[in-house]
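Participant: coords please:
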Amino acid sequence: AKQLIELLIERTDGIPLFIEELASTLRKQKLVHKVNGTIEFIDNDKQSLVPATLLESLQQKLDSLSFAKGTAQLAATIGREFDYKLLVLSSDKPEEQIQSDLNELIANELVFKQRQVDTDAYIFKHALVRDASYGSATQELIKRNHLNIAHALEKHFVDYVNKNPFSLAEHFAKADNYNAAIKYAVEASNLAISQSGEYYAADYLERAMVWNKHIPNKEESMVNELAIYALKIPVLMVCEGYGAAELEPIAKRSKVILSYFNEHDIESHEQYLFKLLWGIFLLNNNRFSRKEAMQASLAMVNMAKKNADDVQAIFSNVILGYCHMEDGENNKAQELLSQSIEDYERKGFSGAEFVEQFGLDAKSFALTILSKTYFTLGYSQESQEAIKESVEWASQINHAGNLSYSYACLATLLFNKGDKKGVIAVEE
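Facilitator: Residues are numbered from 1 along each chain as shown. You can find the predicted model right below:
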């Protein structure tokens, strides 16, 4: 009927999803019937029962569910698409009830089933349906759902968490478990850095800093700051350059926190100190503060010895070798770098051990610096062999940062030899 059509257009603004939902609501609430082939209102006085917005329409549909509303809210907390196994493991309901709830949601055209190779998955009909389901829960229920999902992911979906740690961080943050959220945000940043994704890491670390403001315990908050700063210094230098405005205050704040911990004999910062020293080295090195850079590299060597950590020992010796090279002490540099490469190969490292922690592979970097050292000492052949091996190893471990640096040094070497064609070939 014309009156019904006009009302549908008025209420829906012609939005297809809303038209579909509104028509479904009118049928289910028995507000309309068919008369002589025309759909009309049963009672014109009941037009006030017609939802005025899409959200109101979806809310009415959710409220009409027998038992499935809670399952819909939990599913919406997972996302528009949700895994059946994760839904079951996150719910307080028995699996039989969840399956019954899903059947009801499917019957009401709120979700659809998706077949996958190893599991069943579901998807909300539309993002707005998911949003309405999520928004219909109380804040306490939302927090509880996020926490249950986080614990289920942590316990049963280890591979997923290892590949998507920030997803877990967000669930913990929305459950007000900020320490756990920061822990996984830092892990996500480490993963991003290892994949040359510093811009992603910067975003994760920024979120972690916001979450850290909610930590009431002063010392816990300080430990979190160190974990964040240890990564944020090198990330900022990649994303914003060596003159990034935040670098100086971060370095100063880190020193204040370390001084506080030393005064109060707090050792919970030790796990972050080596990375923080690496960040401080980068800051000073890239600002040509040679004395401070050397001090940081020596502190890294001492820390590695204290920790009896092979990865830290090799990495810190490579950095110290680099400092000797920069300071013109090429014989010391050659000895340290050669020994570090030998130790690396003897231990059978793959590169991932270094890239995941420092965003840089020790062997490829050492070979690049050794090539420069050989060239300065006049050993042209050894220099070429070292830079060639550096490029090959960086390519083998598939790390963009090391590979870019190796190529840049190769181009510089060729330029210094007067090989302009070689430089062009490298650029291409």
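Participant: now stretch 215-227: average pLDDT?
Facilitator: Confidence over stretch 215-227 (mean pLDDT, whole number) is 93.
Participant: then stretch 104-118?
Facilitator: Regarding stretch 104-118, the rounded mean pLDDT is 85.
Participant: packing partners of the host helix or strand of Leu231?
Facilitator: Assignment of secondary structure by DSSP states H and E places Leu231 within helix 218-240. With contacts defined as 3 or more C-beta pairs under 8 Å, 6 or more residues apart in numbering; DSSP states H and E, the packing partners of helix 218-240 are helix 178-194, helix 198-212, helix 247-263, helix 270-286. Quick note: C-beta positions are derived from backbone N, CA and C, even for glycine.
Participant: got a list of contacts for the third one?
Facilitator: Contacts to helix 247-263, defined as C-beta atoms under 8 Å, 6 or more residues apart in numbering, come from residues 222, 225-226, 229, 232-233, 236-237, 266-269, 273, 276, 280, 283.
Participant: stretch 288-301 now?
Facilitator: Contacts to stretch 288-301, defined as C-beta under 8 Å, 6+ apart, come from residues 274, 277-278, 280-281, 284-285, 312-313, 315-317, 319-320, 322-323, 326-327.
Participant: which of the residues you listed count as buried?
Facilitator: When burial is judged by neighbour count using 16 or more other C-beta atoms under 10 Å, the buried members of these are 274, 277-278, 280-281, 284-285, 312-313, 315-317, 319-320, 322-323, 326.
Participant: tell me which residue is most central in this protein.
Facilitator: Ala188 (3.5 Å; C-alpha atoms, centre = their mean).
Participant: OK, contacts around it?
Facilitator: Counting by C-beta under 8 Å, 6+ apart, Ala188 makes contact with Asn164, Pro165, Phe166, Ala169, Tyr200, Ala201, Tyr204.
Participant: can I get the residues you listed in TSV including distance to Leu414 and neighbour count?
Facilitator: Compiled in TSV, these are given as follows (distance: C-beta to C-beta, whole Å; neighbours: other C-beta atoms under 10 Å):
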residue	distance to Leu414	neighbour count
Asn164	42	16
Pro165	41	21
Phe166	41	23
Ala169	45	28
Tyr200	34	17
Ala201	33	29
Tyr204	38	26
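Participant: can you tell me which two in those are farthest apart?
Facilitator: Spatial extent of the contacts of Ala188 (C-beta to C-beta) is set by the pair Asn164 and Ala201 at 14.3 Å.
Participant: what about the stretch 151-300 of the chain, any weak spots by pLDDT?
Facilitator: By pLDDT under 70, the weakly predicted segments of the stretch 151-300 of the chain are 242, 268-271.
Participant: on that earlier part again, nearest to Lys417 among the contacts of helix 247-263?
Facilitator: Of all the contacts of helix 247-263, Lys417 sits closest to Met237, with 30.0 Å by C-beta to C-beta.
Participant: count of residues packed around the closest one?
Facilitator: 20 (other C-beta atoms under 10 Å).
Participant: just the strands from the stretch 51-200 of the chain, written as ranges.
Facilitator: Listed in chain order, the strands of the stretch 51-200 of the chain (DSSP state E, counting those that start in this stretch) span residues 81-83, 111-115, 120-124.
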